[in-house]
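A.B. asks: predicted model, plus sequence, below.
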Amino acid sequence: MEEENGQQGPCGELLAGKFKSVDALVRAYGELEAEFTRRSQRLKALEGEERKGEEAHPVMDADGLYLAVSENEEVKARVLDDYFKTLKGVPLLSSAGAGVTAPPQKPRSIREAGALALGFLKNK
């Protein structure tokens with residue numbers, strides 16, 4: 001009869017390889033169930049805290065970020081400064097704010113001087 005109940009067999013084997021009796025198995029199952037309930041409640045509480053944090057700091061889309069930056073001059077200046085630092089090549093402005101000038105072109109002949117003058121007058 002003990003074998004049918006899953007308890008120790010005639011050779012003294014343990015129930016399911018770990019428990020000495022059905023009572024020990026039932027007690028262990030109850031403890032496992034209680035621990036599972038505690039962990040589930042803790043997980044639910046943490047998820048609730050995470051949702052509250054998301055509500056406090058909502059994720060903005062591109063339009064929301066643009067409006068937030070364009071309304072704050074300090075943030076706008078930092079973003080532009082970071083962007084200009086990433087640009088490679090010729091700077092748009094020198095550090096003093098003056099425009100960058102091209103090196104002077106010196107004509108070698110009267111014909112080159114005339115072409116430069118004509119180009120200058122057409123662009124003005």
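C.D. replies: Received it, and whenever you're ready, just let me know what you need. Numbers count the residues shown, from 1 in each chain.
A.B. asks: mind picking out the helix or strand in this protein with the poorest mean pLDDT?
C.D. replies: Ranked by mean pLDDT, DSSP states H and E, the weakest helix or strand in the chain is helix 62-70, scoring a mean of 81.
A.B. asks: what residues sit buried inside that helix?
C.D. replies: Within helix 62-70, no residue is scored as buried using 16 or more other Cβ atoms under 10 Å. C-beta here means a position set from N, CA and C on the backbone, and glycine is covered the same way.
A.B. asks: check which helices and strands it is in contact with.
C.D. replies: helix 73-86 (3 or more Cβ pairs under 8 Å, 6 or more residues apart in numbering; DSSP states H and E).
A.B. asks: which intervals of this protein have sub-threshold pLDDT?
C.D. replies: 1-13, 15-16, 54-60, 89-100, 124 (pLDDT under 70).
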